[in-house]
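Peer 1: predicted model follows, preceded by the sequence.
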Amino acid sequence: MCRIGAIKSKNYIQPKTALQLMRSQQKGHDNSGFAMVMQDLGGVFEKYKGLPILSMACTDDGIKLAEDILHKEGFARVFQWAPQVFPRDGLKIEPMPNYVFQVYQLPKLYKYAPESEKEELLVEMRLKIRKALDELDEGFIYSFWPDVVTLKEIGDPSDIGEYFDLWSENKDFSAKIISAQCRQNTNYDIVRYAAHPFFLQGYTAMANGENTFYEKNKNFQKNLYKGYLGFESDSQCFLYTLHYVHKVLNWPLIYYKHTITPLSFDEIDKREDNAVLSKIRSSLANLEINGPNTIIGVLPDGSVFNCCDSKKLRPVVVGKNNDTVIITSEVSGLNDVMPERNWEDDIYTHEREMIYVNNDLEVQRWHQ
């Protein structure tokens, strides 16, 4: 099983909080990996808010491959930072030679380009770098996007935290949103790309559970957008559907829930918006999901949401205090990280709702 969690705060927080959240739920995962996406960055990255950050794990040749591709396209590196590592005998971790976080200035040609063109350029560069790395087996690129860094690793989460010194206070490496998961994709071959959270063009998604409509989702999605590729995990489909519904189709977020877990035809007929819901169900039937799962997502504007399968077969809880909201798999995580909260205000998302957290940390419950 997976255990997942997203922390959204008014203050900058360090990865140790996400590690602590996951460690409290240790009985629910298999200690095979740790991955996180950090958004709305502080520390050394705070002054580069508008510039894309390259997040990679690779060989020396992999660094050169990526840098050559970006320089050829006119990107100029303006800053780089790498976590200090502390290897020791006995750590259960399969580290890569290099962990790369580089900030780039966009090509001069794009200085006055529309945001949509800049966004597509960043996706194209990520795909080009991924292809080059894959062909020569030189590493992995996880994200290339402003105000975002991604780290994925194989091994015991506690040991991964020790290796990267993530258990310590480190104001250089902080963010206001951290999404994390403690498990590699042990249902299939272990591939770093398969580790949640998944990221694309400002969207982050992760899930605890299974998607038994994976093949149907994949076959439909792989022709919808150039960024829908890999499919190393059935849960990647959740991200691609989120991106397609909210970004490509530009629909309100609530229709993501209506797409992945549509109401029955009898329920649709009784609603005022039955024409819209019927069209969604008929045109996007191949994006419906099945199986036990709960999904946590982050949108490009920094808002966070949660929804579950139509039978609510995986646990999830939402808790908050004055400056932080946490969505996670088990209440034990909340109790450890946020013991002072009012427990009576905790929300256990049910099967026909979405929990939405805006940038004022207002927690909304949207009924499907």
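Peer 2: Nice, thanks for sending it over.
Peer 1: the helices in the chain, which residues?
Peer 2: Using DSSP state H, the helices found in the chain span residues 15-23, 60-72, 115-136, 157-163, 214-221, 236-243, 254-260, 265-269, 274-283, 331-337.
Peer 1: list the helices and strands the longest one packs on?
Peer 2: Looking back up the chat, that one is helix 115-136. Helices and strands touching helix 115-136, by 3 or more Cβ pairs under 8 Å, 6 or more residues apart in numbering; DSSP states H and E, are strand 52-58, helix 60-72, strand 139-146. The way it works is simple: take the backbone N, C-alpha and C, and place the C-beta from them, glycine included.
Peer 1: in a markdown table: the ones you listed, plus mean neighbour count.
Peer 2: Below are the helices and strands packed on helix 115-136 laid out as a markdown table (neighbours: other Cβ atoms under 10 Å):
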| stretch | mean neighbour count |
| --- | --- |
| strand 52-58 | 24 |
| helix 60-72 | 17 |
| strand 139-146 | 24 |
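Peer 1: closest to residue 38 out of the helices of the chain?
Peer 2: The minimum distance between residue 38 and those falls on helix 15-23, with 7.3 Å, by Cβ to Cβ.
Peer 1: which strands and helices sit next to that closest one?
Peer 2: strand 4-13, strand 33-41, helix 157-163, strand 175-181, helix 331-337.
Peer 1: now the ones you listed in JSON lines, with mean pLDDT?
Peer 2: Listed next are these as JSON lines, based on pLDDT from 0 to 100:
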{"stretch": "strand 4-13", "mean pLDDT": "97"}
{"stretch": "strand 33-41", "mean pLDDT": "95"}
{"stretch": "helix 157-163", "mean pLDDT": "93"}
{"stretch": "strand 175-181", "mean pLDDT": "97"}
{"stretch": "helix 331-337", "mean pLDDT": "95"}
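Peer 1: wait, which of the helices and strands packed on helix 115-136 is closest to residue 359?
Peer 2: Here strand 139-146 is closest among the helices and strands packed on helix 115-136 (Cβ to Cβ), at 16.6 Å.
Peer 1: so what touches the closest one?
Peer 2: With contact meaning Cβ atoms under 8 Å, 6 or more residues apart in numbering, strand 139-146 is reached by 37, 48-59, 62, 66, 96, 98, 122, 125-126, 129-130, 133, 149-152, 192-193, 199, 201-202.
Peer 1: same deal with stretch 324-332?
Peer 2: Counting by Cβ under 8 Å, 6+ apart, 2-11, 13, 21, 24-25, 28, 208, 294, 296, 304, 306, 314-320, 333-334, 337-338, 346, 355, 357, 361, 363 sit against stretch 324-332.
Peer 1: quick check: ChimeraX command selecting the buried ones in the residues you listed.
Peer 2: The ChimeraX command for the buried members of the contacts of stretch 324-332 (criterion: 16 or more other Cβ atoms under 10 Å) is given here:
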select :2,3,4,5,6,7,8,9,13,21,24,25,28,208,294,296,304,306,314,315,316,317,318,319,320,333,334,337,338,346,355,357,361,363
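Peer 1: follow-up on the earlier one: just the buried residues of the contacts of strand 139-146.
Peer 2: 37, 48, 51-59, 62, 66, 96, 122, 125-126, 129-130, 133, 149-152, 192-193, 199, 201-202.
Peer 1: you'd agree residue 356 is up against residue 366?
Peer 2: Yes - between residue 356 and residue 366 there is a contact under Cβ atoms under 8 Å: 5.9 Å.
Peer 1: out of the two, which sits in the busier spot?
Peer 2: Counted by other Cβ atoms under 10 Å, residue 356 and residue 366 do not tie: residue 356 has more neighbours, with 19 against 15.
Peer 1: could you measure from the more buried one over to residue 42?
Peer 2: Separation of residue 356 from residue 42 (Cβ to Cβ, to the nearest Å) stands at 24 Å.
Peer 1: just to revisit the earlier point, let's have the helices and strands packed on helix 15-23 in a markdown table, adding distance to residue 235.
Peer 2: Listed next are those as a markdown table, based on distance: least, Cβ to Cβ, whole Å:
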| stretch | distance to residue 235 |
| --- | --- |
| strand 4-13 | 10 |
| strand 33-41 | 12 |
| helix 157-163 | 18 |
| strand 175-181 | 10 |
| helix 331-337 | 19 |
